[in-house]
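Novice: No sequence on hand, only this structure:
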């Protein structure tokens, strides 16, 4: 009977740990999705027109030249301009990769890119640091 109680406690701990890890992952994804929406909202509040093309800059931290080459190749095939700079003072992410492309800003598209770029960076031992864009004013109709 004691082994049954131990088994029950073990299963309960595993289930609770799984629930905790799932909630933590959902929260992290939600925070990134909210960040993308906030970035676009901030640009709109400054007078930017999200329906006009913006020069959008994406930032990655990567651990090696090989990781940079792999990410660079993937992004260049998708039409991004890419440059890489070493960051010798960094401990784990010793290279900074910057990618840019002109595009319209929509929350679902930017959330999708952020999610995909996060996965791409993690697959190569790095991290995705987000994106930035300048204000593009609304065009006045003639």
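Specialist: Right, received. Where do you want to start? What you are looking at is a predicted structure, and each value in this text was computed from that prediction instead of being measured.

Novice: since we're on the nearest residue to residue 72 once chain neighbours are set aside, how many residues are nearby?
Specialist: Ranked by CB to CB, 6 or more residues apart in numbering and with sequence neighbours excluded, the top spatial neighbour of residue 72 is residue 82, at 4.7 Å. Yep, even glycine has a C-beta here, placed from its N, CA and C like the rest. With neighbours defined by other CB atoms under 10 Å, the count for residue 82 comes to 18.

Novice: ok, now residue 117?
Specialist: Neighbour number of residue 117 under other CB under 10 Å is 22.

Novice: before we move on, what about the one 10 residues further on?
Specialist: A count of nearby residues for residue 127, using other CB under 10 Å, gives 17.

Novice: Residue 36 now?
Specialist: Neighbour tally, residue 36, other CB under 10 Å: 22.

Novice: which SS class is it?
Specialist: Under DSSP: H, G, I helix; E, B strand; the rest coil, residue 36 falls in the helix class.

Novice: what's the answer for the one 5 residues further on, then?
Specialist: Using three-state DSSP, the structure places residue 41 in helix.

Novice: State the distance from the residue nearest to residue 72 to residue 21.
Specialist: Going from residue 82 to residue 21 by CB to CB, to the nearest Å gives 33 Å.

Novice: and if you look at residue 35?
Specialist: From residue 35 to residue 21 the distance is 21 Å (CB to CB).

Novice: Any regions of this protein where pLDDT drops low?
Specialist: Along the chain, segments meeting pLDDT under 70 span 26-33, 140-142.

Novice: And the residue nearest the centre of it?
Specialist: The residue lying closest to the centre of the chain (CA atoms, centre = their mean) is residue 114, at 3.4 Å.

Novice: If anything else comes up later, I'll come back, but that's it for now.
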